[in-house]
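Student: no sequence on this one, just coordinates:
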């Protein structure tokens with residue numbers, strides 16, 4: 001399950017690269033631009049974007065009368081994990097510049 005999930009995360013990050021970075025070589029550029037727009041650090045900009053995915057997962061976990069198919073769970077879990085991977089990259093990049 002772990003290897004399959006990590007593969008799904010990698011595939012999603014690769015597929016969405018152009019959508020979120022345009023022509024930039026910086027995979028974190030969307031968070032840096034959002035941070036500049038909001039006057040905050042990239043970590044906070046990412047956290048705000050990630051919150052939507054976490055809230056969605058939380059809602060799914062607590063839905064009493066609704067069930068969700070595996071594809072929906074996969075999408076939400078993959079997106080949430082990818083935001084954590086991207087957060088790790090932002091944190092590491094910030095440590096290198098200190």
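Tutor: Okay, I see it. Everything numeric in this text was worked out from a predicted model, so none of it was measured.

Student: separation between residue 84 and residue 69?
Tutor: 23 Å (Cβ to Cβ, to the nearest Å). (C-beta placed from N, C-alpha, C; glycine too.)

Student: Which one's more surrounded, those two?
Tutor: Neighbours were counted for residue 84 and for residue 69 using other Cβ atoms under 10 Å; residue 84 has more, 13 against 8.

Student: and the more buried one, what is it in contact with?
Tutor: Contact analysis of residue 84 by Cβ atoms under 8 Å, 6 or more residues apart in numbering lists residue 50.

Student: Buried ones in whichever strand or helix holds it, by neighbour count?
Tutor: Here residue 84 sits within helix 70-96, counting by DSSP states H and E. Within helix 70-96, the residues scored as buried using 16 or more other Cβ atoms under 10 Å are 75-83, 86-87, 90.

Student: For those, give me a markdown table that also has pLDDT and distance to residue 60.
Tutor: Shown next, in a markdown table, are those (pLDDT from 0 to 100; distance: Cβ to Cβ, whole Å):
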| residue | pLDDT | distance to residue 60 |
| --- | --- | --- |
| 75 | 96 | 11 |
| 76 | 96 | 7 |
| 77 | 98 | 10 |
| 78 | 98 | 13 |
| 79 | 96 | 12 |
| 80 | 97 | 11 |
| 81 | 98 | 15 |
| 82 | 97 | 17 |
| 83 | 97 | 16 |
| 86 | 96 | 22 |
| 87 | 97 | 21 |
| 90 | 97 | 26 |
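
Student: Thank you kindly, that will do.
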